[in-house]
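Asker: predicted structure and sequence below. I'll ask about it afterward.
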Amino acid sequence: MRGYLLDINPSGRDEVTIWIKRLDGRVVSHRIKWMPRIYVHGSLENLVKLGRLLSQRYFVDFVERSVKPGSPPETVLEIRVPFGSKKRVANLILDLGNHQLFKVYNVDLPSMQEFLYQHELHPTALIDLSNDGFKVLDSVEDIDYDLSWVRVAHLDAKVEISSIAPRFSDRLEEVMIEMDGERVVLDGGEEGILEDLMKTLHDLDIDVIITDGGDSFLLPYLHHRAYVNQVRLRLGRADDPRNFKPSSSTYLSYGRVYCRFRGFKLKGRIHIDSSNSMLYRETGLDGLIEVSRVTRISIQDAARYTIGSCMLSLQYYQAYRLGILIPWKPSKTIYMDCWSLNKADRGGLILDAKTGVYWNVAELDFKSLYPTLMLKHNISGETVNCECCKDDGEKIPELGYHVCRRWRGIVPRAIELPLRKRMRYKDLIKQVGDGRLRTVYKSRSDALKWILVTAFGYLGYRNAKFGSREAHLAVCALARETLLKAIRIAEENGFEVIHGIVDSLWVRREDADDQDYLELTKKIEDETGLPISYEGRYRWIVFLPSRTHPDRPANNRYFGVFMDGRLKYRGIEARRRDAPPIVKKMQLEILGKLAEAKDPEQLREKALEAVEIYRGYARRLILGDVPIEDLAITQVLSMDPNDYVVEARQAVAAKHLERAGIRIVPGQAVTYVIAGANGLSKAVPIQLIEEGSYRLEPYLRMLEKAAYTMITPVLESLRAPHRIYDMDSM
């Protein structure tokens, strides 16, 4: 029997169920006897004693594994444990050894990933199943794999709301199912709706259910209403989780607080909550499945994992297939004196741009620079400053570090596949004429980009299994050397370098055309040995000053228009998550107007016309001709609303919601409108605001600031008189 691997799940203490969609379209399940494993390292004498003790309850065996990457195999104790018992058994072993005699490994390797690793499986794989087992017929390296068999539906419900937010006690009015542009509405009594829902999912043979808030409310709510109406609801192809209680957790990533809800996962059918999946929101189903295949994580887990957790699976897989054990709690500590730290910890190279308008500028970007350097120079936690290559290892510029020549690191092994596939997807995006295929390839490329970016960040993470601070610093040093070399090549060929930041350069020459810039790109690529892309030639580009220090330039804050009419903007309000839609719309309209300019004189004229665009938006605000949704500001809570020392607007809005019965936790976003009277401003949740009851002055200031960002640098550069905020002329 041939078919596609749709889903996997534990089905007992020692059994895994795999769900296969056969080539004839039928979904079948197949059970395999299997148990997760943990490993114990210690003296052989102590391991023998431990094995005798544990063999009374568990399957134990002595096997050969490497405790550290690159080290020879040693005898360790392998213990097969029931699902969900890894940490409990590991802690028992540590207690038996007084936390000194034993070290445990592979404890936090998720069991379903371990199953996929061991059987060389990946989600959506084409497999041939027989009595002797199964054979995988495709590869994670494939580009054009078949997903036409996946049947996707969007699920939503209409609730008879008794307050500003739905509750489990509210009656179910309708259930809506959308598939292939068609919409099915189920209504009537609750019992009938729920039974019709199960029948419809079965009749349509849905493989993937996509919801908005399915983990935090919708699916638990449907099960609660089924319990009230004595209906045994089953949304998957096997029994759903029982007594599921929505719960959330918050975590910090790159300085931002995120909120993640416990996943309501189905069996034999995939459930994706779009509001609880960063990967799905950013890259869609195509990007999510690509990451799931490459990292060998089930689709439902990949949808809810952080990008870091997905990236780590690549490293875990490489370690697993090489027979290298994964430490539970890494304890490698690096100590550096202040002088060494000051010399080494310098980040990426930045060449500040002088603020103003520049014409005929080209942008050159190194393709995935940091991951490429990690792969090319074999950068991994265990390869930088290794013991075996002190005298003949590859030297890192500036730092005096060396890199191992005898062992290929876990990290470069892990990133090679996503890096290679992303480069291939980017080439295909330029080659294919089919718009649908271009969209698919871009989604997959973007998803892999997230993985590669995180791979560098995790190198210096203190709990990284296969990283180190030295490895992180080594990549930064190599990147600085690469950008300096590119700058020198550009200047030697008669180009002026306007701006440089980490892995990108903006260069110009007054008489240069696209061919000249392409030739420069080729020279840099040949001399550095690293892939670089020519992003295009700007007709004009404006580099902006810092908001807090207007006399200084700001990195990565600019806007401009390419020769082909494409717009690009970074660091302005139109890119900010917390800017209200009215501000974003105005800035984009202004940018569109400025983009019409073909020379400096036209740019001055368009800038003056853009002032009228600003005044038009301000006039609409004053007259009350703005939908309340265009004034909504969305911000994320970084802490509990009651822990804010200063009455931040998002905290005030969250407290309003709490009084109305809606609990907001750190990492969740609140959407509010600035309202108030008698000179007092307050943040009112959009659920509670009345149409037209906004406070005028704060929004006028936002419009003025956003217009100033776009128009003033242009007029100042051209030395034209201007006045943006003129209430008398409105």
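Answerer: Now that the structure is in, tell me what you want to look at.
Asker: least trustworthy helix or strand in this structure by mean pLDDT?
Answerer: Taking mean pLDDT, DSSP states H and E as the measure, strand 248-253 is the helix or strand of the chain with the lowest mean score, a mean of 74.
Asker: quick one: name whatever helix or strand follows it.
Answerer: Toward the C-terminus, strand 248-253 is succeeded by strand 256-261 as the next helix or strand (DSSP states H and E).
Asker: give me the buried positions along that next one.
Answerer: For strand 256-261, the neighbour count (16 or more other Cβ atoms under 10 Å) marks Val257, Tyr258, Cys259, Arg260, Phe261 as buried. C-beta: built from backbone N, CA, C; applies to glycine.
Asker: check contacts around Arg566.
Answerer: Residues near Arg566 by Cβ atoms under 8 Å, 6 or more residues apart in numbering: Gly536.
Asker: leaving out the residues flanking it, which one is nearest to Leu325?
Answerer: The shortest distance from Leu325 to any non-neighbouring residue, by Cβ to Cβ, 6 or more residues apart in numbering, is to Tyr105 (3.6 Å).
Asker: Lys329 is in contact with that neighbour, correct?
Answerer: No: using Cβ atoms under 8 Å, Tyr105 makes no contact with Lys329, being 10.3 Å away.
Asker: these two: which is more packed in?
Answerer: Tyr105 (22 against 10; other Cβ atoms under 10 Å).
Asker: stretch 548-558: which residues count as buried?
Answerer: Going by neighbour count (16+ other Cβ under 10 Å), the buried part of stretch 548-558 is Pro553, Ala554, Asn555, Arg557, Tyr558.
Asker: list of residues touching that stretch?
Answerer: Applying Cβ under 8 Å, 6+ apart, the contact partners of stretch 548-558 are 350, 352-355, 499, 501, 541-547, 568-572.
Asker: mind checking which of those are buried?
Answerer: For the contacts of stretch 548-558, a burial check counting by 16+ other Cβ under 10 Å picks out Ala353, Thr355, His499, Ile501, Ile541, Val542, Phe543, Leu544, Pro545, Tyr569, Gly571, Ile572.
Asker: which one of those residues is nearest to Leu6?
Answerer: Tyr569 (41.3 Å; Cβ to Cβ).
Asker: so what sits opposite that closest one in the bridge?
Answerer: In this entry, Tyr569 is beta-bridged to Phe559, by DSSP bridges.
Asker: next one: Ile532
Answerer: Judged by DSSP bridges, the bridge partners of Ile532 are Phe366.
Asker: same check on the one 10 residues further on?
Answerer: The partner list for Val542 in beta bridges (DSSP bridges) reads Val357, Phe559.
Asker: quick one: Val257 from Asp551, how far?
Answerer: As for Val257, its distance to Asp551 is 33 Å (criterion: Cβ to Cβ, to the nearest Å).
Asker: actually Leu437, sorry about that
Answerer: Per Cβ to Cβ, Leu437 is found 49 Å from Asp551.
Asker: same check on Asp170?
Answerer: Taken as Cβ to Cβ, the span from Asp170 to Asp551 is 57 Å.
Asker: cool, and Phe559?
Answerer: 20 Å.
Asker: what do you get for Val361?
Answerer: Counting by Cβ to Cβ - Val361 and Asp551 are separated by 23 Å.
Asker: which SS class is Val617?
Answerer: Careful, residue 617 is Tyr; it's not Val. Judged by DSSP: H, G, I helix; E, B strand; the rest coil, the three-state class of Tyr617 is helix.
Asker: and it, what pLDDT?
Answerer: Each residue has a pLDDT score; the one for Tyr617 is 96.
Asker: surely it and Pro581 touch.
Answerer: No: taking contacts as Cβ under 8 Å, Tyr617 lies outside contact range of Pro581: 11.3 Å.
Asker: more neighbours: which of the two?
Answerer: Taking other Cβ under 10 Å, Tyr617 and Pro581 do not tie; Tyr617 has more neighbours (23 against 15).
Asker: wait, what's in contact with the residue lying closest to that one once chain neighbours are set aside?
Answerer: Distance criterion Cβ to Cβ, 6+ apart; nearest residue to Tyr617, sequence neighbours excluded, is Met586 at 4.6 Å. Residues near Met586 by Cβ under 8 Å, 6+ apart: Ile613, Tyr614, Tyr617, Leu703, Ala706, Ala707.
Asker: out of the residues you listed, flag the one nearest to Arg480.
Answerer: Among those, Ala706 lies closest to Arg480 (Cβ to Cβ), at 34.7 Å.
Asker: what's the neighbour count on that closest one?
Answerer: Using other Cβ under 10 Å, Ala706 has 24 other residues around it.
Asker: so it is in which element?
Answerer: Take DSSP H and E as the rule and Ala706 turns out to sit in helix 696-717.
Asker: next one: Arg539
Answerer: Secondary structure (DSSP H and E) places Arg539 in strand 532-545.
Asker: can you give me how far that strand is from the chain middle?
Answerer: Remark: strand 532-545 is offset 26 Å from the chain centroid, using Cα atoms, centre = their mean, to the nearest Å.
Asker: and that strand, what does it pack onto?
Answerer: The helices and strands touching strand 532-545, judged by 3 or more Cβ pairs under 8 Å, 6 or more residues apart in numbering; DSSP states H and E, are strand 356-366, helix 514-528, strand 553-562, helix 696-717.
Asker: how about the second one: buried residues?
Answerer: Within helix 514-528, the residues scored as buried using 16+ other Cβ under 10 Å are Asp516, Tyr517, Leu520, Thr521, Lys523, Ile524, Glu525, Thr528.
Asker: what residues are up against the spatially closest residue to Asp187 that is not a sequence neighbour?
Answerer: With sequence-adjacent residues excluded and distances taken as Cβ to Cβ, 6+ apart, Asp187 is closest to Glu174, at 4.7 Å. Applying Cβ under 8 Å, 6+ apart to Glu174 gives the contacts Ala157, Lys158, Val185, Leu186, Asp187, Ile193.
Asker: okay, and the beta partners of Glu174?
Answerer: Per DSSP bridges, the residues bridged to Glu174 are Lys158, Asp187.
Asker: so Asn203, which of the three states?
Answerer: Let me fix one detail, which is that residue 203 is Asp and not Asn. Secondary structure for Asp203, judged by three-state DSSP, is helix.
Asker: so what's the residue count around it?
Answerer: 10.
Asker: ok, now His202?
Answerer: With other Cβ under 10 Å as criterion, His202 counts 11.
Asker: for it, give its distance to Ala477.
Answerer: Applying Cβ to Cβ to His202 and Ala477 gives a distance of 59 Å.
Asker: likewise Ile350?
Answerer: In terms of Cβ to Cβ, Ile350 sits 15 Å off from Ala477.
Asker: equivalent analysis for Arg444, please.
Answerer: In terms of Cβ to Cβ, Arg444 sits 31 Å off from Ala477.
Asker: show me what Val384 is bridged to.
Answerer: The partner list for Val384 in beta bridges (DSSP bridges) reads Val403.
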